[in-house]
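S.K.: Show me the folded form of this:
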Amino acid sequence: FGSYDAHVPLQKNTMKQYWSTDPLLQTPIFSTLFSQDGFLLILRMLHLDDNSLSEGGDKLYKIRTVIETIRRKCSSNFSPEKSLVIDESLILWKGRLEFKQYIPSKRKRFGIKSFVLCDSNSGIVLDFLV
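M.R.: Numbering: from 1, shown residues only. Model (predicted):
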């Protein structure tokens, strides 16, 4: 999990670029931890939820427990002041997704639509719906 978390801030265009030997793209930490094939095999077999327990219409059932844990942590760690705001937010997603949305008013126009409740003074997220 740690090596997967480490790749997020680097923002390469493709997964293969993390194992590139090109001096401009090289990230040696990945090739020393895993072979590319070994990492992709682990990633392919990693599941967050049991498919047999899926609820009919919930398209996010595989990550629902993760989403609910984050929601509980957001609301329990901060006491809001008077000024709150609800914003229609977009989680950028470039892959194929059945429920991807188009919102023309956002800079990045395609992604997963969510509604976020924030403290308008600090910008801290108190709750959200996906």
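
S.K.: quick one: secondary structure of residue 43?
M.R.: Under DSSP: H, G, I helix; E, B strand; the rest coil, residue 43 falls in the helix class.

S.K.: all helices for the chain, in order.
M.R.: 2-7, 28-33, 36-45, 64-76 (DSSP state H).

S.K.: tell me the mean pLDDT over the longest one?
M.R.: Taken as a whole, helix 64-76 has a mean pLDDT of 85.

S.K.: for it, which positions count as buried?
M.R.: 64, 71, 74 (16 or more other C-beta atoms under 10 Å). Quick note: C-beta positions are derived from backbone N, CA and C, even for glycine.

S.K.: Surely the second one and residue 127 touch.
M.R.: Yes: taking C-beta atoms under 8 Å as the contact criterion, residue 71 and residue 127 are neighbours in contact, 6.2 Å apart.

S.K.: Make TSV out of the helices of the chain and add distance to residue 98.
M.R.: Putting the helices of the chain into TSV (distance: least, C-beta to C-beta, whole Å) gives the following:
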stretch	distance to residue 98
helix 2-7	24
helix 28-33	31
helix 36-45	20
helix 64-76	16
